[in-house]
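> Have a look at this prediction, sequence included:
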Amino acid sequence: MANPSLLILAGDGIGPEVMAEVKKIIGWFGTRRGVTFDVSEDLVGGCAYDAHGTPLTDATMAKAQEVDAVLLGAVGGPKYDSLDFSVKPERGLLRLRKEMDLYANLRPAQCFDALADFSSLKKDVVAGLDIMIVRELTSGVYFGEPRGIFTEGNERVGINTQRYTESEIARVSRSAFELARKRNNKVCSMEKANVMESGVLWRQVVQEVHDREYPDVELSHMYADAGAMQLTRWPKQFDVIVTDNLFGDLLSDLAAMLTGSLGMLPSASLGAPMANGRPKALYEPVHGSAPDIAGQGKANPIACILSFAMALRYSFDMGEDATRVEKAVEKVLADGLRTADLMGPEGGSPVSTSAMGDAIIAALDASL
Ligand code: NAI
Ligand code: MG
């Protein structure tokens, strides 16, 4: 079988700094695990604009469509703030998401015990937490028509439309059920079927897809507002949560912050299965290019490293190796290593981006 292929788009600001640590880990898999990735690298965002006058060239777009997975750092920065909207760095990322049709956005909320004190919740509520929110990303109220600000009589009215087709609901629910099979076989679907027709359809379609194609997965339904309460009261009752674009935007931010810093949060965006059965996939940290700390060796590489671990699990069926990377991260945190963003108010001596990466490599070595 062909080697797994990866396109690395490190981007701007701290993107290349955190990606350098991921490359060490990719190299480690080659030398220590005999898994060689065919890695190509290209430009996205501001650096692509500087080189080509566009934040994403057609050639890079075409390559992204061919590879098994795209790994992205971050885009943007103050240098590009005055650019025309059509060539802003973010447009490169939006084009990737749109043309790859990445409709399922995966946001894990995973708590490493060593950081449980970081949470705003009690330690025993979050310790060991590991849930995955699947947010529908390409439809719903952010895209529905009609939309706009209109005048009715003598006042203005602002309109957005929540709209979901059956096939849009079915495909994102399949992504959630497939994930559940790689995790703990449990999905909770959230909507507001009590007050929204689109929610009624959502609930029906998720149930139908389940009954027809995934009867082995445990499925429950919850109103999204109750879901928000349950997420803060006892988050460990959940494993995979699937929800629409709007509720997913809120619930994924809420769940992520149960567990700590922006520098720790990975994400994946998945689309339809390709000919080889793998979903189209883009993996990236949740954080941006952090211009305030770029070039100083201060960035936490863990969000990007955990994004690569997600690629191992969800694109390459290397779940055990994904766990190995996550355990290595857990180990270095338990040993007390902290980048500056993970320092409490009492301070301490933070380690650099590359020292954190090297320590994770050492923990990987020790895992063999
Ligand atoms: P940001 O996520 O870049 O930074 C927010 C704060 O968190 C900053 O204080 C930063 O230093 C810190 N931070 C972020 N990641 C960190 C890490 N790995 N380690 C340590 N500290 C970290 O968001 P901000 O400042 O709003 O945006 C900066 C630029 O990034 C803007 O140009 C924005 O458009 C872009 N951006 C890009 C995203 C992407 O590429 N997906 C997402 C969000 C913002
Ligand atoms: Mg948000």
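Everything's here; your move. Keep in mind that what you see is a predicted model, and the values were worked out from it rather than measured. Ligands and ions are numbered 1, 2, ... in the order given.
> Would you map the strands across this protein?
Under the criterion DSSP state E, the chain contains strands at 5-11, 38-42, 69-74, 104-110, 130-136, 144-152, 155-161, 186-191, 218-223, 240-243, 266-273, 279-285.
> Please identify the buried residues of the second one?
In terms of neighbour count (16 or more other C-beta atoms under 10 Å), strand 38-42 has its buried residues at 39, 42. Backbone N, C-alpha and C define where each C-beta goes, glycine included.
> Can you name the residues in contact with that strand?
For strand 38-42, contacts defined as C-beta atoms under 8 Å, 6 or more residues apart in numbering pick out 2-10, 23, 26, 48, 59-60, 63, 67.
> Same check on the shortest one?
Residues outside strand 240-243 that contact it (C-beta under 8 Å, 6+ apart): 131-136, 172-173, 175-176, 179-180, 183-184, 186-191, 206, 224, 227, 251, 255.
> Return the residues of the stretch 151-300 of the chain in contact with ligand 2.
249, 253 (C-beta under 5 Å from the ion).
> residue ranges with poor pLDDT in the stretch 251-368 of the chain?
Scanning the stretch 251-368 of the chain for pLDDT under 70 picks out nothing.
> Compare the strands of the chain and give me the one nearest residue 291.
Residue 291 lies closest to strand 69-74 among these, at 9.9 Å (C-beta to C-beta).
> Relative to the whole chain's centre, how far out is that closest one?
Counting by C-alpha atoms, centre = their mean, to the nearest Å, strand 69-74 is centred 10 Å from the centre of its parent chain.
> Make 17 the first number, not 1, from now on.
New numbering, starting at 17: the last item is strand 85-90.
> what are the bridge partners for residue 299, then?
Note on residue 299: beta-bridge partners by DSSP bridges are residue 87, residue 284.
> Also residue 238?
Listed by DSSP bridges, the beta-bridge partners for residue 238 are residue 206.
> one step back: quick one, which of the contacts of strand 256-259 are buried?
Among the contacts of strand 256-259, those buried by neighbour count (16+ other C-beta under 10 Å) are 147-152, 188-189, 191-192, 195-196, 199-200, 202-207, 222, 240, 243, 267, 271.
> Contacts only, for the residue in the stretch 117-266 of the chain positioned nearest to ligand 1.
Relative to ligand 1, the nearest point of the stretch 117-266 of the chain is residue 121 (11.7 Å; C-beta to the nearest ligand atom). By C-beta under 8 Å, 6+ apart, the contact set of residue 121 is 150-153, 264, 268, 283-285.
> ok, now with 6 Å
Residues near residue 121 by C-beta atoms under 6 Å, 6 or more residues apart in numbering: 151, 153, 285.
> Then residue 270?
residue 247.
> can you rerun that using 10 Å?
For residue 270, the contact set (C-beta atoms under 10 Å, 6 or more residues apart in numbering) comprises 125, 149, 243-244, 247-248, 251.
> same deal with residue 351?
Contacts for residue 351 were tallied using C-beta under 10 Å, 6+ apart; they are 130, 375, 378-379.
> Residue 133 too?
Taking C-beta under 10 Å, 6+ apart, we find residue 133 in contact with 139, 142-143, 276, 360.
> So among the residues you listed, which ones count as buried?
142-143, 276.
> Is it correct that residue 163 is in contact with residue 157?
Yes. The pair residue 163 and residue 157 qualifies as a contact (C-beta atoms under 10 Å) at a distance of 8.7 Å.
> Tell me where the stretch 167-316 of the chain has helices.
182-198, 213-229, 240-249, 261-273 (DSSP state H, counting those that start in this stretch).
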